[in-house]
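Trainee: the following comprises the amino acid sequence and a computationally predicted model.
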Amino acid sequence: MAKIDISDAKYYDNRELSWLKFERRVLNEATNKELPILERLKFVSITSSNLDEFFMVRVASLKDMEHAGYTKPDIAGMTPTEQLIAINEKTRELVDFQYNTFNRSLTPILKDKGIIIYEKYEDLNQEQLKFMDSFFMSQVYPVLTPMAFDASRPFPLIRNKSLNIAALIEKKKDSVGAGAEGDDVEFATVQVPSVLPRFVKLPADEKGHDCFILLEQIIERNMDKLFLNYNVVAASPYRIMRNADFNIDEEGAEDLLIEIEKQIKSRQWGEVIRLEVEASINKRLLAILKKNLGVNEIDIYKIKGPIDLTFLMKLYGIEGHSELRLPGFKPQENPRLRSGDKIFDEIKKGDILLHHPYETFDPVVDFIAQAAFDPQVLAIKQTLYRVSGNSPIIASLAHAAENGKQVTVLVELKARFDEENNIIWAKKLEKAGCHVIYGLVGLKTHCKIALVVRREEDGIRRYVHLGTGNYNDSTAKLYTDCGMLTCRESYGEDATAVFNMLSGYSEPASWNKLVLAPLWLRDTFINLIDREINNAKDGREAVIVAKMNSLCDKGIIEKLYEASNAGVKIHLIIRGICCLRTAIPGVSENIHVSSIVGTYLEHARIFYFYNNGLEDIYMGSADWMPRNLDRRVEIMFPVEDSILKSKVKHILDVQLGDTLKAYEMTEDGSYVRIKPSRGKKPVGAQDTFCKEAKRSIEPEIDFFKKRTFVPILANEVFDE
Amino acid sequence: MKLFASIYIGSYETTMKIFEIGKQQKKIKTIDTIKAQSDIIRDVLNYGRILPETIEKLCRVLNDMRRAIEGYKVDSFSVVAGPNIRQADNSLIVLEQIKVQTGFSVKVISNSEQRFLGYQAVAATEDFEELISDSAVLVDIGGVSLQITLFSKGKIITTQHLSMGTVSLSENIKKIGIVVSSLDQIYEMIYKELEVFKTMFLRDIHPKYMILLGSQIGNAIDNVMGLSSQLTKVEDYIVKTLAETLMPKNVVAPGVSVCDGMAYHFCYNKKWLVATHDFDNDIITAAWSIAKRYDSYQPHLKALFKLSGEIFDAMKKYHGLGKRQRVIMQCIAILHDCGKYISLADASDCSYTIIMSSEILGLSHKEREIIATTVAFNRKPLEPYENLSDRFTTEEYLLILKLLAILKVANALDRSHKQKIKNVSMRVKDKELVISIEANSSLALEKGLFKKNADFFQEIFTIKPVLKENK
């Protein structure tokens, strides 16, 4: 047999295609008949907004590479052009599947359940039409700005991601100045106003259904009112996506803030990389759009249904119909942190693990809130990446500064699509007297760490919160994340050093616990995997369990292949992108990859190393991606308290045992659902965590007794 | 519990440390460290002055440090700059700029004081006494110079100052156009200097420990141990060369620096802490080593050491001097003759020069100058204050006079260098310092000189020394 080269591109998956596979898994949830209809629609909406972001960032940057003549192959050996072609094909499949699901499965069920979304105004009854027309005149008409395009007027600026209606209009023959017959057709476009809701509730129909119509249909029907002296020949909605991936020239940017504000403005002007039109669009109309927007044929997507399904997220929240949604889960109190408790006293008793959203995010908010008013607190330092609108954490930090605490906040301005938001908060914090650091040149600060310094009777004590997710109380209800509160001296010292480094000061002579990217996080991972490899080679048990969002770092994957070949048992729980391939003989036979797509977005990063029985568990903010390991400030921290360790192991154990929402990667790189073994009921990890949190007791950890994980074997798995 | 902050503006690095001083534990704990590179010494070496952008950056760093000090609500703090800042033509302007922009009044310390602060920090580490109990070299690597102190059996043998520092070496190397990565040249330069030190002081001793001062050389240990590994910093090369030349059996880097020393110094003065190491004894033993090196006549020195101490103690109420001045007095006694090694006739100036060129760890530059000047005036006519006003304050001049008066009386008592007097006792009574002695041979010589020196003594203290012979 020829010697296997584990760095050969054929053993790796392309990250964009892997991402599209993840999107497909998300979309699969929309086909899940067990779920209430509105939940299913939500997944359709998520796919839509994810796809938008994917285009604006990933596809855009591939386009840039293509334009620059960059032909270096990626991890899977594909050039940018090859990737774009493959992405195009897979995206079309995904979009087709999305609209088929929406049109054929979901809309009929929705109607069945008493909700009708009219796609065509022609289907409305008289009463509804009357309502619609009066709605148009009173609400819509005043905010419309129709724009024409002809020899004397340039093609108007079409805003990124905005929905528009294009129309062909011709002068009425009896009007003044009407020209000759025939070619006197003009192009006009009007933006569907984003200030109005995308769908409008109509009077109920005869059967008492809740009836809705999309805003663009209302405009389309009343198009002639916009062009009084013209006949509307054809009208059709369309939407464009522009290249939004920008690189800030930080070296020259004296003031990062101004630079980013400038970039946000320019984002509207990028190259058009996708044009979505209705499948039934008038050919001539399409030709005009294509020519003037400068779109390639390959980038035009003909959509069989309403363009931009993100509005379904709003539909999810409509009044009533609670039976069409899953009963909401209220995040439970952590048994050690009842509301009203003095959080610092409790942390002093021992480390605390937080598991969101099963457990409430309130302790993290309280951590800062209590610090703001605690007379013993001297300083608060925190990193902020993405914060919620009206964030209570921001408010507490501002209060703290007003109360004379020294508050240092690192606001990462470069958090994609949140720049605008972040600038507002940053300015607000500065005004309150906080010391605000606007990120680091050349590095994104992605780590999640908060430090509270207290002057207590017996000395300075530092309280640290370390997490896997952002300090965002809204997303903490939707993302599964872990956090740890501790006042161990060693963590406090390191946390202080982290903030000094983030302020531009030198690295300390030594670190105690925290592992930092881009400094030595990568090396640490490599060493940890190497240790398992050596143990396996010496005939000892060797296990790695890693949970993260994405795995696409070639160095790490190669190391994992090496470990697999050495006999290390590797279980990866990877929600999204995974460029690693499983079950390749001589490469990855010992690696199992699963992916959980559930109600909550899996977001925690947990790393478990068996270490010959002296188990090491780490959590952190970094995925195994080059950007996390090399271009971001990330923190990985060990979990050392034995109770906490067993809790984290339990989390991994339950996730590995998921037979409801989990998929596993097969030899050909595709994903199939993991089914429960014959006669057993499917068990979902997220459900289990909800139940455990509700019982508000310590989870029963039978893990101790067996000390091993139970992998799901191929014969227990069936495709759908 | 108290908090203390120290800021040290070094030649190539500005460091702030916040310390927690526990009343019960009697210990100093570092809470926070902020370190930033600066180009002070680079500017001084290349332009002779500190450039505006360097000052600007320094002030920005100091302002951040001030914010941290305010944030911790420290009980006290101290801001000190190393001696090299003085080498800049615009040093006064720099200090003024710092004052205006940050509010900090910076105290510039001499090389001796700076080294001593570092030494105090090392001496406060737990096993320091153990480290020096056999033989050890304490190495302090600075930006422009290197200082080595040799200990034997717990005592200081010598302190030597070599003009080689991390920044000056690499700047030199840059000037002569050698790539810094091929650092063999550095090795040569250091080796040559160290050889002299080695043959003169170490002879064939391989010190048991090499103690590295300065927190930034924490990693140096790895480099010394794995000598083959790639060394990229000049500093690492210096450490490596030191290890290869001095051949210590162990290398220790306690990771403390001047900032720690500032904290200890402050705490000792405030009586928050009591020093575990006897620094005064270091000074005395270092002085004895110098005397020994210049072949001073030991029995006479010992007699003088004892007599001057006794006069000092007896006069305590009248001269108003303290413990520190007593140590200086003792150094004067030990070193008052050292110039004779070079020239009997010109002993006074030679002694002055020897003392001024000998580093004594624990004494400040000013204190050393006081010792040297007092010793010089022992043999030549006293000059009026006006002649010395550029070097000493009036207080310092008065101190010199007082110490000189004691030295002269003590010296007169052993004029013949034969230690004829025994069982000395002294007390002050009715404006007289009565010195009761027993003598085993004629004291004619002593008595002759005593008269003259007693007059000077009386002039200074308005107390007349009287010799009373018990037979």
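Mentor: Here it is on my side, so go on. Just so it is clear, the structure is predicted and the values come from calculations on it, not from any experiment.
Trainee: so who does the residue in chain A positioned nearest to chain B touch?
Mentor: Closest to chain B within chain A is A:Q406: 3.1 Å, counting by CB to the nearest CB. Using the backbone N, CA and C atoms, a C-beta is placed for each residue, glycine as well. Residues near A:Q406 by CB atoms under 8 Å, 6 or more residues apart in numbering or on different chains: A:378-380, A:435, B:67-68, B:70-72.
Trainee: which of these count as buried?
Mentor: Burial by neighbour count, judged by 16 or more other CB atoms under 10 Å in any protein chain shown, picks out A:378-380, A:435, B:68, B:71-72 from those.
Trainee: any chance of those in JSON lines, with pLDDT too?
Mentor: Listed next are the buried ones among the contacts of A:Q406 as JSON lines, based on pLDDT from 0 to 100:
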{"residue": "A:L378", "pLDDT": "93"}
{"residue": "A:A379", "pLDDT": "93"}
{"residue": "A:I380", "pLDDT": "95"}
{"residue": "A:H435", "pLDDT": "90"}
{"residue": "B:A68", "pLDDT": "90"}
{"residue": "B:G71", "pLDDT": "89"}
{"residue": "B:Y72", "pLDDT": "91"}
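Trainee: narrow those to those in helices?
Mentor: Using DSSP state H, the members of the buried ones among the contacts of A:Q406 that fall within helices are B:68, B:71-72.
Trainee: out of those, which comes closest to chain A?
Mentor: Among those, and counting by CB to the nearest CB, the member closest to chain A is B:G71, at 3.1 Å.
Trainee: so the closest one is in contact with A:K381, correct?
Mentor: No. Assessed by CB atoms under 8 Å, B:G71 is found out of contact with A:K381, at 9.5 Å.
Trainee: now do the shared contacts for the two.
Mentor: In contact with both B:G71 and A:K381: A:V453, using CB under 8 Å, 6+ apart.
Trainee: and the ones in helices among the buried ones among the contacts of A:Q406 near chain A, which?
Mentor: B:68, B:71-72 (CB under 8 Å from any CB of the partner chain).
Trainee: using JSON lines, lay out these together with distance to B:W288.
Mentor: Formatted as JSON lines, those follow (distance: CB to CB, whole Å):
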{"residue": "B:A68", "distance to B:W288": "44"}
{"residue": "B:G71", "distance to B:W288": "48"}
{"residue": "B:Y72", "distance to B:W288": "44"}
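Trainee: and chain A, which residues reach chain B?
Mentor: A:378-379, A:405-406, A:435, A:453, A:455, A:457-460, A:496-497, A:500, A:503-506, A:508-510.
Trainee: weed out the non-buried ones from these.
Mentor: A:378-379, A:405-406, A:435, A:453, A:455, A:459-460, A:496-497, A:500, A:503, A:505-506, A:508.
Trainee: inside strands: which ones of the residues you listed?
Mentor: Under the assignment DSSP state E, these contribute A:378-379, A:406, A:435, A:453, A:455, A:459-460 to strands.
Trainee: and these, which two are the farthest apart?
Mentor: Farthest apart among these by CB to CB are A:H435 and A:G459. That separation is 24.2 Å.
Trainee: can you tell me the SS state at A:S594?
Mentor: For A:S594, the assignment made with DSSP: H, G, I helix; E, B strand; the rest coil gives strand.
Trainee: measure the residue lying closest to B:L401 once chain neighbours are set aside to B:I400 for me?
Mentor: Counting by CB to CB, 6 or more residues apart in numbering or on different chains, B:L401 lies nearest to B:I460, which is 5.4 Å off, once chain neighbours are set aside. Remark: distance between B:I460 and B:I400 (CB to CB, to the nearest Å) = 10 Å.
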